[in-house]
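Undergrad: here are the coordinates; sequence isn't available:
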């Protein structure tokens, strides 16, 4: 299946420090939750986001979203702060809550560094 809308959305745009959401809008969407964002943005996907996109399209979703437990960007999760930035963490949680309230029909999936741990479907 192809994307309903080919445009990649990244929130916030042009921010190399943090990312709350990345994906493509669709009429049937998959939500992936990772540990932290890497290098993908509105112009270029990284290996994890390409995997999520592929999984979505192969499972008849025409849209997909990737959010993370913590929004700090790094391609090396072992470099994440030992103590989270509370303000940044809370901003991320608030964003995810708002997203889920608006997009409650999205099917969530959890992943960690690109490997699927389990899938939960909300009916």
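TA: Looks like it came in fine. Every value quoted in this text rests on a predicted model; they were computed, and no experiment measured them.
Undergrad: what's next to the helix or strand that contains residue 65, contact-wise?
TA: Assigned by DSSP states H and E, residue 65 falls within strand 63-68. Here strand 63-68 makes contact (CB atoms under 8 Å, 6 or more residues apart in numbering) with 3-5, 19-37, 40, 48-49, 52-53, 55-57, 92, 95-96, 99, 103, 106. Where C-beta positions appear, they are placed from N, C-alpha and C, glycine not excepted.
Undergrad: Flag the helix or strand of this protein with the lowest per-element mean pLDDT.
TA: Comparing helices and strands within the chain by mean pLDDT, DSSP states H and E singles out strand 115-119 as the least confident, with a mean of 43.
Undergrad: Looking at strand pairing, list the partners for residue 30.
TA: Beta bridges link residue 30 to residue 64, residue 107, judged by DSSP bridges.
Undergrad: Just the pLDDT at residue 105, thanks.
TA: Here, the pLDDT recorded for residue 105 equals 60.
Undergrad: let me fix that: residue 89
TA: For residue 89, pLDDT reads 90.
Undergrad: tell me what the host helix or strand of it is packed against?
TA: Using DSSP H and E, residue 89 sits in helix 86-102. Contacts defined by 3 or more CB pairs under 8 Å, 6 or more residues apart in numbering; DSSP states H and E place helix 86-102 against strand 63-68.
Undergrad: just the angle between the strand it packs on and helix 86-102, please?
TA: 150 degrees (axes from the mean of the first three to the mean of the last three CA atoms, to 10 degrees).
Undergrad: Make 48 the starting number, not 1.
TA: Done: numbering now begins at 48, and the last item shifts to strand 110-115.
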